[in-house]
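1. Turn this into a model:
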Amino acid sequence: MSTASTPAAVREPDGGPVKSGPSSGLSRSAGPRLTYLLYVAGKLGGAAVSLFAVLVTSFFLFRIIPGDPIREMTHGRAVSAEQMDSLRREFGLDSPVWQQFTEYCGRALTGDLGLSYQFRSPVGELIAEKFPATLLLTGVAVLIYSALGLWLGTRSAWGHGRLGDRLNTGVALTLWSVPAFWLGLLLIIALSVGLGMFPTGGMESGNETGFAHVLDVAHHMVLPVATLVIVGYAQTLLVMRSSLLDEMGSDYLTTARAKGLRDALVRRKHAVPNALLPTVTMIFINLGHVAAGSILVETVFSWPGLGGLFYQALKVPDLPLIQGLFVVFAGAMILMNLLADLLYPLLDPRVGR
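-> Here you go, the predicted model:
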């Protein structure tokens with residue numbers, strides 16, 4: 001065989017063979033990919049540890065609440081000591097605490113959150129029944145106040161020091177300090193009791209169907225949504241304003257203006273996208289609040305969601321229901337925080353390196 005037909009191996013100056021183009025590109029791309037996978041694995045591990053901490057906290061935290069669940073449930077009834085002991089055995093309250101904890105963790109890992117003391121129904125079913133009402137109320141409120149806070153925060157930062165900025169910041173700080181339940185009561189007194197414009201509570205009148213039912217629910221939502229928006233938009237505004245102010249002195253904005261770009265285009269295309277990173281986490285945390293709802297607002301407006309259910313459970317105390325709701329609330333926050341962390345490298349490639 002002729003050796004001329006077989007090309008000699010091309011070597012680097014140090015004598016090593018030159019790597020082919022495709023394999024070299026693969027090796028270069030493997031580094032960032034591996035780094036991102038390690039970043040994701042670390043975040044998933046942290047979320048798992050946080051969720052386990054939530055399970056431990058939810059079990060022990062609510063057992064320091066004063067009161068005996070069995071005595072509260074049988075209050076005002078003629079119940080013998082034998083019947084009380086029977087109820088304690090039925091609900092597993094006669095077992096040692098360590099045994100109750102291990103059984104609780106084992107059930108929770110399989111998705112079984114236990115049986116409610118007062119409703120005698122699975123906690124998971126009760127949560128699933130009330131969740132749509134909470135999702136509707138707080139979901140609408142979060143979308144509105146996140147969009148409002150981003151818009152006003154951007155305008156305030158871009159007009160830093162002007163009258164509009166001072167007015168927006170002052171109003172936001174004032175409303176942020178107002179207790180939500182107190183504001184809700186004021187709105188009920190002024191707009192429901194005083195003017196009769198809106199219902200004082202509940203989710204529906206109960207006698208409407210079709211599109212009239214949709215309008216009825218929307219009418220009942222006005223005051224609780226307004227309460228959540230008035231109190232909640234300030235945080236988004238202030239974080240967005242602060243983040244955008246940090247970006248406004250950057251060199252790339254000066255370069256963009258030097259190229260002749262209009263001020264509005266510089267703000268929309270360059271400044272705002274780079275200022276969104278700190279706001280992303282807060283928006284995702286607000287989305288986590290969609291599951292938790294607002295216990296006080298739902299209670300004030302008698303909204304039939306998870307917040308009202310949590311309040312009912314606290315009065316007994318209904319330990320399985322309280323624990324299940326606490327795990328759902330905290331789990332939603334952990335999940336949203338995890339999604340924000342995983343989204344960060346897509347918004348800014350420097351994150352996770």
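2. what's the following helix or strand after the helix or strand hosting Ala108?
-> Per DSSP states H and E, Ala108 falls inside helix 97-109. Per DSSP H and E, the first helix or strand lying C-terminal to helix 97-109 is helix 123-158.
3. how far is that next one from where the chain is centred?
-> Offset of helix 123-158 from its chain centre (CA atoms, centre = their mean, to the nearest Å): 9 Å.
4. Report the angle between that helix and helix 97-109.
-> Angle, helix 123-158 to helix 97-109, by axes from the mean of the first three to the mean of the last three CA atoms, to 10 degrees: 70 degrees.
5. Name the residues of helix 123-158 that are buried.
-> 123, 126-127, 130-131, 133-134, 136-142, 144-146, 148-150, 152-158 (16 or more other CB atoms under 10 Å). C-beta coordinates here come from the backbone N, C-alpha and C atoms, glycine included.
6. averaged over its residues, what pLDDT does it have?
-> Helix 123-158 shows a mean pLDDT of 87.
7. for the stretch 201-350 of the chain, what spans make up the helices?
-> Counting by DSSP state H, counting those that start in this stretch, residue ranges of the helices within the stretch 201-350 of the chain are 210-247, 251-258, 263-266, 272-275, 277-292, 295-300, 306-315, 319-347.
8. in the first one, what's buried?
-> So that's helix 210-247. 216-217, 220-221, 223-241, 243-245, 247.
9. model confidence over that helix, on average?
-> On average, helix 210-247 scores 86.
10. What is the neighbour count of Gly46?
-> By other CB atoms under 10 Å, 14 other residues sit near Gly46.
11. Model confidence score at it, please.
-> 86.
12. quick one: it and Val40, what's the gap?
-> 11 Å (CB to CB, to the nearest Å).
13. ok, now which ones touch the nearest residue to Ile283 once chain neighbours are set aside?
-> With sequence-adjacent residues excluded and distances taken as CB to CB, 6 or more residues apart in numbering, Ile283 is closest to Ser146, at 5.3 Å. Counting by CB atoms under 8 Å, 6 or more residues apart in numbering, Ser146 touches 233, 236, 283, 286.
14. try Thr200
-> Listed by CB under 8 Å, 6+ apart, the contact partners of Thr200 are 188, 192-193, 301-302.
15. change it to 7 Å
-> The contact partners of Thr200, by CB atoms under 7 Å, 6 or more residues apart in numbering, come to 188, 192-193.
16. show me where pLDDT drops low in the chain?
-> Within the chain, the segments meeting pLDDT under 70 span 1-32, 65-80, 83-84, 87, 90-92, 94, 289-293, 347-353.
17. Geometric centre of it: which residue is closest?
-> Most central in the chain under CA atoms, centre = their mean is Gly288, positioned 1.2 Å from the mean C-alpha point.
18. Could you pick out the buried ones from the contacts of Thr200?
-> By neighbour count, with 16+ other CB under 10 Å, those hold 188, 192 as buried.
19. how about the contacts of Thr200 in CSV, adding secondary structure?
-> Shown next, in CSV, are those (DSSP: H, G, I helix; E, B strand; the rest coil):
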residue, secondary structure
Ile188, helix
Ser192, helix
Val193, helix
